[in-house]
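[1] pasting the sequence and the predicted coordinates here, then a few questions.
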Amino acid sequence: MALALAFESSCDETGVALVQDGKRVLAAPLYSQIEEHRPYGGVIPEYASRAHLEKFTLLLSQILKENALQPGSIDYVAATTRPGLVGGLLVGYQSAKACARFFSVPFFGVHHLEAHLAAVTLSGHVMPYPSLGLVLSGGNSVVYRLSGPGKAQVLGDTLDDAAGEALDKAAQILGLGYPGGPKIEEAALRFFESGITQASQNNFGDENPFPVILKSLPRDKVQFSFSGIKTSLLRLTEKLNTQDIDRLAFFFQERVIQHILQNVEHALWQNKNLPLIAAGGVMANRLLRERLETLCKKYKTPLLIPEKKYATDNAAMVAAAAHLYFERGLVSPFSQVTASNAFP
């Protein structure tokens, strides 16, 4: 049995977790900074760093009060070291290093995107190798071919913006608030439940005012782009009335999901019979999860998605990723803090 203490501070979620064997979450207190950043419509890096500095001690104290942890009871400590907001990463890194010294155990630096993918082990799955990894978040839209811990080949990345950033910006343009992903999903659902008939569903492609993203993308290419559809939304809102908000949110979401599925299908076609792990905060979207399941059934390939509570940033997934190295006796290649999302 291996017990890990993990820290997450890559963006605007402050998390500490106590996890057994990389899969059983014993404690995972999390502080969300959404309310602090809501007035600005996005994350303010300095405010995020200050919040991490204030909350880590409180969250760690909570775990220590509920669990009798002494030197010898912890096997390793882990923290996110890339990618992310460097100020926030440094706060988590220094907190974790101090704990590693106190408990006299190894420290594992963790790649944030690998942690998102490793979150499937928190639901009882074994991390499959080789496999495909789809990460959709506020800063990343990428498909990897995974061959082992720390070994990820990029099959396709974004040319410009990430899916989560596009949803945040769309919600801001439509006046729906922050964070954008859940707000767009709520507005889209309102429009759908307002009395759409099956006949009108069949014509959604024709009715959608947004252009198809990278319509001519070759089948052997995996490539994301979300800047164009944001510009299109901005133009459509020049004559916006309140009745159009939910409708535009619905069709915007449709195009974003369509584009994601197009790229996933290209990756599945190129890498037949490989299971797909789909993770990141955008995967909290119910419709996207459902359509990915349908697509993977078509290709007869397993689909692994973290539970919704582990889809967004959290410290338990950091422990899960670190365990991939610990159980194999490997040294993490992510020992230094950096904003880069590169794998070795």
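    Looks like it came in fine. Since the model is a prediction, treat every value here as computed from it, not as a measurement.
[2] so where's the stretch 201-344 of the chain uncertain?
    Scanning the stretch 201-344 of the chain for pLDDT under 70 picks out 201-205, 240-243.
[3] quick one, helices of it?
    Here the stretch 201-344 of the chain has its helices, by DSSP state H, counting those that start in this stretch, at 204-207, 227-236, 244-270, 286-298, 316-326.
[4] quick check: which ranges of the stretch 51-200 of the chain have low pLDDT?
    Applying pLDDT under 70 to the stretch 51-200 of the chain flags the ranges 195-200.
[5] ok, residue 229 - contacts?
    166, 210, 211, 213, 252, 255, 256 (Cβ atoms under 8 Å, 6 or more residues apart in numbering). (Each C-beta comes from the backbone N, C-alpha and C, glycine too.)
[6] buried ones among the residues you listed?
    166, 210, 213, 252, 255, 256 (16 or more other Cβ atoms under 10 Å).
[7] related to what we said a few turns ago, quick check, nearest of the contacts of residue 229 to residue 97?
    The closest of the contacts of residue 229 to residue 97 turns out to be residue 166 (Cβ to Cβ; 35.4 Å).
[8] quick revisit: most neighbours per residue, which of the helices of the stretch 201-344 of the chain?
    The highest mean neighbour count among the helices of the stretch 201-344 of the chain, using mean count of other Cβ atoms under 10 Å, belongs to helix 316-326: a mean of 30.
[9] ok, back up a step: now flag whichever of the buried ones among the contacts of residue 229 is closest to residue 271.
    Nearest to residue 271 out of the buried ones among the contacts of residue 229 is residue 213 (Cβ to Cβ; 21.9 Å).
[10] picking that back up, select, out of the helices of the stretch 201-344 of the chain, the one closest to residue 62.
    Evaluated with Cβ to Cβ, the helices of the stretch 201-344 of the chain place helix 316-326 nearest to residue 62, the distance being 14.5 Å.
[11] quick one: contacts of that closest one?
    For helix 316-326, contacts defined as Cβ under 8 Å, 6+ apart pick out 2, 4-8, 15, 17-19, 21-23, 25, 28, 75-76, 78-80, 106, 108, 110-111, 114-119, 121-122, 127, 149-150, 306, 310, 330-332.
[12] now it, how far from the centre of its chain.
    Relative to its parent chain, helix 316-326 has a centroid offset of 16 Å by Cα atoms, centre = their mean, to the nearest Å.
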